[in-house]
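Trainee: sequence and predicted structure below; questions after.
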Amino acid sequence: MRLVPLGLLTIGVTTLPCLALADPIRIISDVRGIDVFADITDVNGNEAVDGDQLFSHNELNRSVSSTLDGVFAAASARLAGRVAGNTMSGNGFVSATVSSASPDISDILAFDAHASSEFNVEFNLDSPHTINFFGSTTGTSIFLADLERPETGESGPITFRPESPGTFHHSGFLRPGRWLVTVFASAVESADEPGTLFGSQRNQGSFTFEFDLTPTPEPASLVLLGSGLVGLLGATWPKSRGG
């Protein structure tokens, strides 16, 4: 009977967990939505309002606008996202604008234009993973990327809110269990009793994001794999020497 070297048996056992780690993450929920709203109210109680909320796995794109007493308010948002294998990525745009043909808008009681988009994916990991976050932002809108455990609210290695536009990269380690990724963007232009409005006020920005998950063997698995390699060398070395 032909004997199999102990080193080969050890390698066969220790590489199985590594192969299992290559499986895609298990998605629990995938929710994406945009919210756009444009509202103008004057001192006489008149109101012009338009708004919408959309939720879909496909690309979302919506614009609304309102006009009252020479004042114009508009909001628009776009969000595209993708979850494939161990990668979650997307891009979008949010914009809020208010303008007036005349600087005197004393008849306007309030205006409110806002646009927001949100990408939420909850997933489960059966083994440790390294996560890398890549993102970029432009403009003046608010952008937030967050990673947390949904059961406890415990923050993960990425809680990111840039104070200025740019390109960003963050990384960290995720323990097994449930995690929630949130990417949020918002643009707002609003005022109560504004009195005057010169030209146009606009808050807008675009963004991109990508989360990459890489299986990371636990230290114990690495030790076993190392011992397997040593065993293989020990089993083959005498034969080489004898030849």
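Mentor: Okay, I see it. Numbers count the residues shown, from 1 in each chain.

Trainee: for the rest of this, base every contact and every neighbour count on C-alpha atoms.
Mentor: Noted.

Trainee: which residue, other than its chain neighbours, is closest to Ala113?
Mentor: Ala38 (4.4 Å; CA to CA, 6 or more residues apart in numbering).

Trainee: may I have the residues that are in contact with the spatially most central residue of the chain?
Mentor: Nearest residue to the geometric centre of the chain (CA atoms, centre = their mean): Val183, 3.5 Å. Shown in contact with Val183 (CA atoms under 8 Å, 6 or more residues apart in numbering): 118-120, 143-146.

Trainee: among those, which ones are buried?
Mentor: Neighbour counting by 16 or more other CA atoms under 10 Å classes 118-120, 143, 145-146 among the contacts of Val183 as buried.

Trainee: which of those fall within strands?
Mentor: Judged by DSSP state E, the subset of the buried ones among the contacts of Val183 located in strands is 118-120, 143, 145-146.

Trainee: which single one of those is nearest to Gly81?
Mentor: Proximity of these to Gly81 (CA to CA) peaks at Phe119, which lies at 7.5 Å.

Trainee: can you pull the pLDDT of the closest one?
Mentor: Looking at Phe119, its pLDDT is 97.

Trainee: go ahead and confirm it touches Ala185.
Mentor: No: contact criterion CA atoms under 8 Å: Phe119 and Ala185 do not qualify, at 9.2 Å.

Trainee: residues contacting Met206?
Mentor: Quick fix: residue 206 reads Ser, not Met. Neighbours of Ser206 in contact, by CA under 8 Å, 6+ apart: 91-94, 137-139, 141.

Trainee: between those, which has the most around it?
Mentor: Val94 (32 neighbours; other CA atoms under 10 Å).

Trainee: and after the strand or helix carrying that one, which helix or strand comes next?
Mentor: Using DSSP states H and E, Val94 sits within strand 87-100. Reading on from strand 87-100 to the C-terminus, the next helix or strand found by DSSP H and E is strand 104-105.

Trainee: what is that next one packed up against?
Mentor: strand 195-196 (3 or more CA pairs under 8 Å, 6 or more residues apart in numbering; DSSP states H and E).
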